[in-house]
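In: coords please:
(one chain, ligands or ions: 2)
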Amino acid sequence: MQTSQQWVNYFEDNLQKKRINWQQSATVTKKELAPILNSLQAWQLGESSDGKNLLKASSSYAERIEDPFYIKAVKLFIKEEQKHGNNLGMYLDMIEQPRIKNDWGDSLFRKVRYLNNSMEWWTLAVISVECTAQIFYQSLKDATQCKLLKEICDDILIDEIPHIQFQQERLSVIFQSKNMFARKMSFHFYKYFFLATSIVVWMAHRKLFKAGGNDFRKYFKKMKFKCAKTIGKLKYLAEEKYVLQPS
Ligand SMILES: [Fe+2]
Ligand SMILES: [Fe+2]
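Out: Ligands and ions are numbered 1, 2, ... in the order given. Purely as a prediction, here's the structure:
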């Protein structure tokens, strides 16, 4: 587990890395674009979120646990997501496709986010969506021959691994602050929430997932594996023999 200060250092360093060659042109074909465009536009919008509500929840949480570096780390995390949104937006501009202002999936996610000021909910929601993002961007990459678009996807895929670790570590800290009964209940709730989110994302973006070579069975198998690697890691903390350790 890394400290918030270490996460700040990581994000600051990673934001300096330029992995995309913007000198090359966008070569996505009409045929490739047909099943992916709507999803590309929707994720461009989602990644561009100002993160206002996440920041609000993080600020009160960080105050409570007296960790000012945590807010800084979350701010940098949001900045990295906005970098993804910006890159996807630049790509849409290059292929002369509009950036959208509204999407039902994004609105739904924003509403759920708006409903809560809880760090636990936020962390869980972000982990679930970030795991779908890994399959999403791999599918997008596999659905095109455009080198530039592939590089944009690679850059995001590289960033997403630490994003999930960052959130998973936080969920683990929050989980450890609960009593044993609450842990057992929460563990099951997290799992079902994660899998339900996977299904909603599949429904919304199945054309793109399919264009990238995933049918539902394949996709869901990958999501179940990701669930085990994130939420599943908390399981031992819900067992009686576990002794609470300070975080
Ligand atoms: Fe992202
Ligand atoms: Fe992310």
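In: pLDDT below threshold where in this structure?
Out: 105-115, 240-247 (pLDDT under 70).
In: residue of it with the smallest distance to ligand 2?
Out: The chain approaches ligand 2 most closely through H163 (3.7 Å), counting by Cβ to the ion. C-beta here means a position set from N, CA and C on the backbone, and glycine is covered the same way.
In: Verify the stated contact: that residue with I78.
Out: No: the criterion here is Cβ atoms under 8 Å, and H163 misses it with I78 at 10.7 Å.
In: element containing the residue of the chain closest to ligand 2, please.
Out: helix 147-176 (DSSP states H and E).
In: how deep is the residue of the chain closest to ligand 2 tucked in, by neighbour count?
Out: Residue neighbour count, defined by other Cβ atoms under 10 Å, stands at 20 for H163.
In: And for A133?
Out: 23.
In: centre of the chain versus whichever helix or strand it is part of, how much separation?
Out: In this structure, A133 sits in helix 119-142 according to DSSP H and E. Distance, stretch centre to chain centre, for helix 119-142: 4 Å (Cα atoms, centre = their mean, to the nearest Å).
In: Please name every helix or strand in contact with it.
Out: helix 37-47, helix 52-65, helix 104-115, helix 147-176, helix 180-211, helix 216-230 (3 or more Cβ pairs under 8 Å, 6 or more residues apart in numbering; DSSP states H and E).
In: Can you list the buried residues in the longest one?
Out: What it means is helix 180-211. In terms of neighbour count (16 or more other Cβ atoms under 10 Å), helix 180-211 has its buried residues at 183, 186-187, 190-191, 193-194, 197-198, 201-202, 204-211.
In: ditto for the last one
Out: By 16+ other Cβ under 10 Å, the buried positions in helix 216-230 come out as 219-220, 222-223, 226-227, 230.
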